[in-house]
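K.L.:
I would like the atomic coordinates for the input below:
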Amino acid sequence: MTRPSPTLAPVPNIFDVAKAAGVSHQTVSRVLNGDPTVRPAVRERVDEAIARLDYRPSAAARALARRRTRTIGLVVVGMPYYGPASIANAFNAAARASGWDVAIAAADDADGDAHVREVAETLLAQDPRAVVVIAPGPSVGAGLAALTSRLPVVTSVDVVPGAAAVTVDDVAGGAIATEHLAALGHDAVLHVAGPEGWTEADQRIAGWRAASERLGLRAPEVLRGDWSSASGYRIGRAIAAEGAPSAIFSANDQMALGLLAAFRDARVRVPEDVSVVGFDDIPEAAFFPPPLTTLRQDFAALGRGLMARLDDLLADREPVDAAPLTPELVVRASTGAPRPAPVAH
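P.N.:
Model prediction:
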């Protein structure tokens, strides 16, 4: 009679160890490779799980892990624009200062979600330890949500479900711009907003609208541009033809530059006839004709904050929730008190 073959017990793998220790498989890999950033309590749990399961990593796997570079992936959607490019540059500087290499994958905001996911997959082929995402809005962010099940993810705009976020308070920025113009005596502020689908644009609208309501200002219908100076110029020409309001808040400095050029060509004086506030404080803002009042974003601090949050995630430390960074008002010559109403005779 033929005897049945003995059944072999399944060989435990790194995912079994991770489940038993209550950590990610990346953390188990870091323990195996002597990563000093792993907390002692976590290392002890992993070691106990390894001993209990009698887990023995293969020599090939250990060799591959030792060759793994200290690389962080950076997915940037909308790289041609000043904001995303500045955040990417700031994070790259902060990461390199911490001893990490950065692999960048860029996509245009008009490329579509499928292309953005393809770009992200190409980046993952480089085996990064974590990924930072700079994306314009929730539609793109949702397409990248699957990344969070594979490795730590941090984003500069809170649009990727399941990812940690380190952000700028764009709502506060919109409110600060509106409050500045109200304090000068303007009773209405027109807002030239960024394009639909961008979270920063929507949040700046929300801040402008909330401040207008709180201060009892008239809030004309929002006019949307596409972040470019050309769109600001087109909007500015239309505003000048219809009769310029006394105050305008532009959602970025490039559109504000277009507004200033349009008003100059239409012989509308800034700030005597209309005050203009921008957002970003690009390097050229101080040299606009006239120098532009704007909201300054601290991109260097944002880059450091993104890196600090990644350090926490990679070390399995409980992150300390940092408050969003509040933009700083920089007052220059493009804003002033409104002209007095003509006296009737």
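
K.L.:
low-scoring stretches of this protein, by residue?
P.N.:
1-9, 58-69, 110-111, 321, 341-345 (pLDDT under 70).

K.L.:
tell me where it has helices.
P.N.:
Here the chain has its helices, by DSSP state H, at 14-21, 25-32, 40-53, 59-67, 82-97, 113-124, 138-143, 170-183, 199-215, 229-242, 253-265, 299-314.

K.L.:
can you report phi and psi for the spatially most central residue of the chain?
P.N.:
Taking C-alpha atoms, centre = their mean, the centroid of the chain lies closest to Ser156, which sits 2.6 Å from it. Note on Ser156: its backbone torsions stand at phi -90, psi -10 [degrees, to the nearest 10].

K.L.:
and Asp316, how many residues sit next to it?
P.N.:
Asp316: 18 surrounding residues under other C-beta atoms under 10 Å. All C-beta spots, glycine's among them, are computed from the backbone N, C-alpha and C.

K.L.:
and Leu302, what does it touch?
P.N.:
By C-beta atoms under 8 Å, 6 or more residues apart in numbering, the contact set of Leu302 is Ile87, Ala90, Phe91, Ser156, Val166, Thr167, Val168, Leu325.

K.L.:
could you list the domains of the chain?
P.N.:
Domain assignment for the chain by automatic domain parsing gives 14-66, 69-165, 170-298.

K.L.:
which one of these is the most hemmed in?
P.N.:
Of all those, domain 170-298 has the most neighbours on average by mean count of other C-beta atoms under 10 Å, namely a mean of 21.

K.L.:
what about it, start to end distance?
P.N.:
For domain 170-298, the separation between the terminal residues is 12 Å (C-alpha to C-alpha, to the nearest Å).

K.L.:
now stretch 158-167
P.N.:
Per C-alpha to C-alpha, stretch 158-167 runs 7 Å from first to last residue.

K.L.:
so how far is Ala333 from the nearest residue to Ser228 once chain neighbours are set aside?
P.N.:
Of all residues not flanking Ser228 in the chain, Gln254 sits nearest, at 6.0 Å (C-beta to C-beta, 6 or more residues apart in numbering). Using C-beta to C-beta, to the nearest Å, Gln254 is found at 18 Å from Ala333.

K.L.:
returning to what we had before: including distance to Val140, could the contacts of Leu302 go into TSV?
P.N.:
Putting the contacts of Leu302 into TSV (distance: C-beta to C-beta, whole Å) gives the following:
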residue	distance to Val140
Ile87	15
Ala90	20
Phe91	18
Ser156	13
Val166	18
Thr167	16
Val168	18
Leu325	22
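
K.L.:
now, among those residues, which is nearest to Ser139?
P.N.:
Nearest to Ser139 among the contacts of Leu302 is Ser156, at 16.5 Å by C-beta to C-beta.

K.L.:
wait, isn't that closest one in contact with Leu306?
P.N.:
Yes. Here Ser156 reaches Leu306: they are 6.3 Å apart, a contact under C-beta atoms under 8 Å.

K.L.:
okay then, goodbye and thanks.
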